[in-house]
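[1] with the sequence up front, the predicted model follows.
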Amino acid sequence: VRGMMADTWRALRNNDDVLARHVRASDDYVDRLDEKIKRFLFRIGPEGGSDAATEQMHQFRYLSELETIGDIIDRNLVDLVTKQARVGGRLSPQDLEQLKRFHDAVLHNMEIAETAFATRDHSLAREMVSHAQRIDLLEQELRNAHFARLQTDLSNYSESSAIFLDLLTHLKQINDHVMHMGDAVYQPDGQSFELEQRAATDPPN
């Protein structure tokens with residue numbers, strides 16, 4: 001799935017419709033892997049009592065989030081890349097630079113989530129949620145900056161501008177699912193990292 005993210009960026013940057021179609025084929029492979037892994041987990045079942053059952057649920061949760069991210073890449077990001085290639089448009093250098101910054105931040109968070117899940121490192125999971133929240137703020141910052149450029153010169157609005165804003169939206173959706181992966185890291189008290197982080201930042205009543 002991380003490979004799909006990286007290839008989607010290269011396809012966008014180079015207006016490469018062939019690579020975009022390769023990403024779409026990769027999602028079919030991800031779907032097959034998802035089905036096989038879940039069948040395997042169902043077949044072996046949770047052995048070892050409630051802790052094993054909880055662990056298996058975390059594995060299912062992690063798999064589901066990954067599969068959903070693959071679908072967003074396939075159905076949304078790839079569609080936008082092929083749309084740009086079809087209309088022959090190109091994002092401005094400034095838009096490309098900002099998207100690269102946002103894309104790389106989301107991709108880095110996916111890497112943190114993967115490591116946190118593999119190691120069951122609670123501190124990494126908390127870092128991931130904190131990073132995900134900073135990404136949300138970055139998305140709003142980039143969106144506002146884009147609107148400010150459009151206000152300065154409405155002639156800058158084009159099909160590529162709409163594609164830029166849609167790409168931001170779908171990358172943020174991916175980041176939201178990455179944040180949910182924090183819940184796939186085992187916690188004895190059963191509290192999600194997302195809820196824990198929100199409780200820590202909410203003002204007192």
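    Nice, thanks for sending it over. Residues are numbered from 1 along each chain as shown.
[2] so in the protein, which helix runs the longest?
    As assigned by DSSP state H, the longest helix anywhere in the chain is helix 122-152.
[3] now residue 12: closest residue in space that isn't a chain neighbour?
    Spatially, and ignoring its direct neighbours in sequence, residue 12 is nearest to residue 81 (4.9 Å; CB to CB, 6 or more residues apart in numbering). From N, CA and C alone the C-beta is placed, and that goes for glycine too.
[4] contacts for the helix or strand just after the longest helix of the chain, please.
    Going down the chain from helix 122-152, the next helix or strand is helix 159-180, by DSSP states H and E. Identification of contacts with helix 159-180 by CB atoms under 8 Å, 6 or more residues apart in numbering yields 5, 12, 61, 65, 68-69, 72-73, 76-77, 80, 83-84, 87, 89-92, 95, 99, 102-103, 106, 109-110, 113, 128-129, 132-133, 135-136, 139, 142-143, 146, 150, 194.
[5] returning to what we had before: mind listing what the residue nearest to residue 12 touches?
    Applying CB under 8 Å, 6+ apart, the residues near residue 81 are 8, 11-12, 15-17, 20.
[6] buried members of the contacts of helix 159-180 into ChimeraX, please.
    Only the buried entries of the contacts of helix 159-180 go into this ChimeraX selection, using 16 or more other CB atoms under 10 Å:
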select :5,12,61,65,68,69,72,73,76,77,80,83,84,90,91,95,99,102,103,106,109,110,113,128,129,132,133,135,139,142,143,146,194
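[7] among the contacts of helix 159-180, which are located in helices?
    Using DSSP H, the contacts of helix 159-180 in helices are 5, 12, 61, 65, 68-69, 72, 80, 83-84, 87, 95, 99, 102-103, 106, 109-110, 113, 128-129, 132-133, 135-136, 139, 142-143, 146, 150, 194.
[8] mind showing which ranges of this structure have poor pLDDT?
    46-49, 153-158, 186-205 (pLDDT under 70).
[9] nearest residue to the middle of it?
    residue 174 (2.5 Å; CA atoms, centre = their mean).
[10] can you tell me how far that one is from residue 39?
    Distance, residue 174 to residue 39, by CB to CB, to the nearest Å: 26 Å.
[11] next one: residue 119
    Applying CB to CB to residue 119 and residue 39 gives a distance of 26 Å.
[12] ditto for residue 129
    Residue 129 is 30 Å from residue 39, by CB to CB.
[13] do the same with residue 29
    16 Å.
[14] same deal with residue 179?
    Distance from residue 179 to residue 39, by CB to CB: 27 Å.
[15] what does residue 88 give?
    Counting by CB to CB, the gap from residue 88 to residue 39 is 44 Å.
[16] where's residue 21, which helix or strand?
    Assigned by DSSP H and E, residue 21 falls in helix 17-44.
[17] tell me which residues of that helix are tucked away?
    Buried, per 16+ other CB under 10 Å, within helix 17-44: 17, 19-20, 23-24, 26-27, 30, 34.
[18] which residues does residue 103 contact?
    Residue 103 neighbours (CB under 8 Å, 6+ apart): 5, 9, 171.
[19] please name the nearest non-neighbouring residue to the first one.
    When you say that, I think you mean residue 5. Nearest to residue 5 is residue 107, by CB to CB, 6+ apart, at 5.3 Å.
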